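Student: Need coordinates for the below:
(one chain, ligands or ions: 1)
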Amino acid sequence: MVNPIHVLSGPNLNLLGTREPEIYGKDTLDDVRARCEARAALHGHSVVFRQSNHEGQLIDWVQEARVSASALVINPAGYGHTSIALLDALKTLSIPVIECHLSNPAAREEFRRHTYVSLAATGIVSGFGAASYELAIEAAIGLIGAN
Ligand code: DQA
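Tutor: From the prediction side, this is the model:
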């Protein structure tokens, strides 16, 4: 049995659909979850999908992914720009790590142009709204078992 793909979303993404919809789109996080599950299922994979507003909780889940996930898709949200602790946790993983953003942070404010998470990411998908998550799932599946 292949381990599930873990999908983590960081702070404020629980408000997806109502939070700055002109930037992040109208899909809710439940819509995103359904899209991830459906996309993974197309390839015979399953998904563990979680969101937290708390840095320590995200780190605990990264550590869990270390032993029970086949790949990790993470939208670190604001913590991507600030959290060395999250980076340190991600650096312990030996599975593919796909960083994912709904918007394209590189085309936004200066402070969004750097993410610590990128230093530990196998690759990054950003700027496609909810589809970024699906593309990240596709990328993860392409990498699972490639090493
Ligand atoms: C985000 C981009 C981040 O800069 C921001 O802090 C978020 C969401 C995105 O998905 O586009 O909360 O990660």
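Student: residues from this structure in reach of the ligand?
Tutor: N12, N75, A77, G78, H101, L102, S103, P105, R112 (CB under 6 Å from any ligand atom). For every residue, glycine as well, the C-beta is placed using N, CA and C.
Student: Repeat the analysis, applying 5 Å as the threshold.
Tutor: A77, G78, H101, L102, S103, P105, R112 (CB under 5 Å from any ligand atom).
Student: could these be laid out in JSON lines, adding neighbour count and pLDDT?
Tutor: Listed next are these as JSON lines, based on neighbours: other CB atoms under 10 Å; pLDDT from 0 to 100:
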{"residue": "A77", "neighbour count": "20", "pLDDT": "98"}
{"residue": "G78", "neighbour count": "16", "pLDDT": "97"}
{"residue": "H101", "neighbour count": "26", "pLDDT": "98"}
{"residue": "L102", "neighbour count": "25", "pLDDT": "97"}
{"residue": "S103", "neighbour count": "17", "pLDDT": "97"}
{"residue": "P105", "neighbour count": "19", "pLDDT": "95"}
{"residue": "R112", "neighbour count": "16", "pLDDT": "95"}
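Student: now, among the residues you listed, which is nearest to A40?
Tutor: Closest approach between these and A40, by CB to CB: L102, at 18.4 Å.
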